[in-house]
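Novice: give me a model of this one.
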Amino acid sequence: MHFQIYIPGAMDLAPELAKVGLGDFVGNAEALREPVGPDGQGGCVFAWWTSGAASRQIGFRPDSQTWRQSIEGYWVGSWNHSPSTPHELARPYQEPGRLLTLGDGHQWLIPEVMQLDRTLRLADDGTWRYEAQRRHHKLWLESVQWGLRFQPTQDGRSKIDLNMTELSEFVIGVLRMNYRVTREVVSDLSLFSIKNLAEAFSAIVGFDVAVQGV
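Specialist: Below is the predicted model:
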């Protein structure tokens, strides 16, 4: 079953999602005003439905849900006996990529950012070149910058020693292209280990990476 988002003090308006950094969650959102939420105050619960879903429950149900507050101020509510699946969280249109089995035992489609479709643009000097589409431009630039940080080894792989938070934030941001997920959802589903995080990162940037560090 799909998780829910609760925003303290919010009215029944999907644009409230954009105010807490979830602007890409607005599509197909349904809202329910709750007089008492996980913060003990009033706010709005948002939910999303997947075709073929067995249930369309929405609302704050503390006896059957676990709620976690994000650093942005919203709350994420998961159903205790029905963890979210990639099918339930998939966006209507997904970017091509590599299927990887993550920590929940399900396969997730990891976008290959460097292989995303590009647009033919006319440069100021009169030449033509391909540029990342506007909606992909930020992540495409980040992928290029990540590639510049690696030095290939004799076995053809690349190694980097870095903080796991930095790497995780990038990978989750790319995963969010294909799925409606937050940091809290990724953590609750135990999606990533050091090994499969490196595999996902390799798929995104287009070359094999051996990730070291914590």
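Novice: show me what contacts the nearest residue to Gly97 once chain neighbours are set aside?
Specialist: The spatially closest residue to Gly97, leaving aside those adjacent along the chain, is Pro111, at 4.2 Å (Cβ to Cβ, 6 or more residues apart in numbering). (Glycine included, C-beta is placed from N, CA and C.) Pro111 makes contact with Gln94, Glu95, Pro96, Gly97, Val174, Leu175, Met177, Asn178, Ile204 under the criterion Cβ atoms under 8 Å, 6 or more residues apart in numbering.
Novice: mind running it again at 10 Å?
Specialist: Pro111 is in contact with 94-98, 136, 139, 143, 174-179, 200, 203-204, counting by Cβ atoms under 10 Å, 6 or more residues apart in numbering.
Novice: then Arg56?
Specialist: Neighbours of Arg56 in contact, by Cβ under 10 Å, 6+ apart: Met1, His2, Glu30, Ala47, Trp49, Thr50.
Novice: and the most centrally placed residue in the chain, its phi and psi?
Specialist: Geometric centre of the chain, nearest residue: Arg176, 2.5 Å, by Cα atoms, centre = their mean. For Arg176, the backbone dihedrals are phi -70, psi -10 (criterion: degrees, to the nearest 10).
Novice: hang on, it packs against Gln94?
Specialist: No: taking contact to mean Cβ atoms under 10 Å, the distance of 11.5 Å between Arg176 and Gln94 leaves them out of contact.
Novice: name the nearest residue to the residue nearest to the centre of the chain, sequence neighbours excluded.
Specialist: Here the nearest residue to Arg176 in space, its sequence neighbours aside, is Asp24; by Cβ to Cβ, 6+ apart that works out to 7.0 Å.
Novice: does Thr66 sit in a helix, a strand or a coil?
Specialist: Per DSSP: H, G, I helix; E, B strand; the rest coil, the secondary structure class of Thr66 is strand.
Novice: how close does it get to Ala203?
Specialist: As defined by Cβ to Cβ, to the nearest Å, Thr66 lies at a distance of 30 Å from Ala203.
Novice: those two: which has the busier surroundings?
Specialist: For Thr66 versus Ala203, neighbours defined as other Cβ atoms under 10 Å are more numerous around Ala203 (24 against 13).
Novice: in contact with that one, which residues?
Specialist: Listed by Cβ under 10 Å, 6+ apart, the contact partners of Ala203 are 97-100, 109-115, 171, 174, 209.
Novice: now secondary structure, distance to Tyr6 and pLDDT too, for these, in JSON lines please.
Specialist: As requested, the contacts of Ala203 are arranged in JSON lines below (DSSP: H, G, I helix; E, B strand; the rest coil; distance: Cβ to Cβ, whole Å; pLDDT from 0 to 100):
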{"residue": "Gly97", "secondary structure": "strand", "distance to Tyr6": "31", "pLDDT": "90"}
{"residue": "Arg98", "secondary structure": "strand", "distance to Tyr6": "33", "pLDDT": "92"}
{"residue": "Leu99", "secondary structure": "strand", "distance to Tyr6": "32", "pLDDT": "96"}
{"residue": "Leu100", "secondary structure": "strand", "distance to Tyr6": "30", "pLDDT": "95"}
{"residue": "Leu109", "secondary structure": "strand", "distance to Tyr6": "28", "pLDDT": "96"}
{"residue": "Ile110", "secondary structure": "strand", "distance to Tyr6": "29", "pLDDT": "93"}
{"residue": "Pro111", "secondary structure": "strand", "distance to Tyr6": "28", "pLDDT": "90"}
{"residue": "Glu112", "secondary structure": "coil", "distance to Tyr6": "34", "pLDDT": "86"}
{"residue": "Val113", "secondary structure": "helix", "distance to Tyr6": "31", "pLDDT": "80"}
{"residue": "Met114", "secondary structure": "helix", "distance to Tyr6": "37", "pLDDT": "70"}
{"residue": "Gln115", "secondary structure": "helix", "distance to Tyr6": "37", "pLDDT": "69"}
{"residue": "Val171", "secondary structure": "helix", "distance to Tyr6": "26", "pLDDT": "91"}
{"residue": "Val174", "secondary structure": "helix", "distance to Tyr6": "26", "pLDDT": "91"}
{"residue": "Val209", "secondary structure": "strand", "distance to Tyr6": "37", "pLDDT": "67"}
